[in-house]
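A.B. asks: Pasting a predicted model and its sequence here:
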Amino acid sequence: GDSVDHLLKSSDIAMYHAKEQGWNNFQFYSATMNVLAAERLEMENELWKALERHELIVYCQPQVDIRSNRIVGAEALVR
């Protein structure tokens, strides 16, 4: 990187990538990390837009214990 801002941004991206990998981990910054971070941000922005436009529907599906035939939980599916 050639500027302080660019170095800070790059180190931040590498830090979050290391956190995703688990404890006691470190990562050297690579351009691939920047691409992945940009793709993740784009997906997050698109999801927020879809929520605002009411384009997502939530379906609740029960989880049933087949031995007792009782509902033991539920999962939410978004489409």
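C.D. replies: Structure's in. What do you need? Bear in mind that the values here come from a model prediction, so they are computed numbers and not experimental data. Numbers count the residues shown, from 1 in each chain.

A.B. asks: how near is V72 to S3?
C.D. replies: Separation of V72 from S3 (Cβ to Cβ, to the nearest Å): 55 Å. Heads up, the C-betas are built off the backbone N, CA and C, glycines and all.

A.B. asks: What part of this protein, helix or strand, is modelled with the least confidence?
C.D. replies: helix 4-21 (a mean of 87; mean pLDDT, DSSP states H and E).

A.B. asks: same for that helix, what does it pack against?
C.D. replies: helix 31-52 (3 or more Cβ pairs under 8 Å, 6 or more residues apart in numbering; DSSP states H and E).

A.B. asks: and the residue nearest the centre of the chain, how far is that from V72?
C.D. replies: For the chain, the residue sitting closest to the mean C-alpha position, by Cα atoms, centre = their mean, is R40 at 6.9 Å. Noted for R40: a distance of 33 Å to V72, by Cβ to Cβ.

A.B. asks: Give the buried residues for the least confident helix or strand of the chain.
C.D. replies: For helix 4-21, the neighbour count (16 or more other Cβ atoms under 10 Å) marks 10, 13-14, 17-18 as buried.

A.B. asks: contact partners of that helix?
C.D. replies: 1, 25-29, 33-34, 36-37 (Cβ atoms under 8 Å, 6 or more residues apart in numbering).

A.B. asks: Kindly recompute the last result at 6 Å.
C.D. replies: 1, 25-27, 29, 33-34, 37 (Cβ atoms under 6 Å, 6 or more residues apart in numbering).

A.B. asks: how far out from the middle of the chain is it?
C.D. replies: 16 Å (Cα atoms, centre = their mean, to the nearest Å).

A.B. asks: got the angle between it and helix 31-52?
C.D. replies: Here helix 4-21 runs at an angle of 80 degrees relative to helix 31-52 (axes from the mean of the first three to the mean of the last three Cα atoms, to 10 degrees).

A.B. asks: from now on call the first residue 581
C.D. replies: From this message on, residue numbering opens at 581, which makes the last subject helix 584-601.

A.B. asks: Using CSV, write down the CA coordinates of helix 584-601.
C.D. replies: Extracted in CSV, the C-alpha atoms of helix 584-601 (Å, rounded to 0.1, in the frame of the first residue of the first chain):
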residue,chain,number,x,y,z
VAL,A,584,-1.8,5.2,5.5
ASP,A,585,-5.5,4.9,4.7
HIS,A,586,-4.8,2.1,2.2
LEU,A,587,-2.6,0.3,4.7
LEU,A,588,-5.2,0.6,7.5
LYS,A,589,-8.0,-0.6,5.2
SER,A,590,-5.8,-3.6,4.1
SER,A,591,-4.9,-4.5,7.6
ASP,A,592,-8.5,-4.3,8.7
ILE,A,593,-9.6,-6.7,5.9
ALA,A,594,-6.8,-9.1,6.8
MET,A,595,-7.8,-8.9,10.5
TYR,A,596,-11.5,-9.8,9.8
HIS,A,597,-10.3,-12.6,7.5
ALA,A,598,-8.2,-14.0,10.3
LYS,A,599,-11.1,-13.8,12.8
GLU,A,600,-13.2,-15.8,10.4
GLN,A,601,-10.6,-18.5,10.4
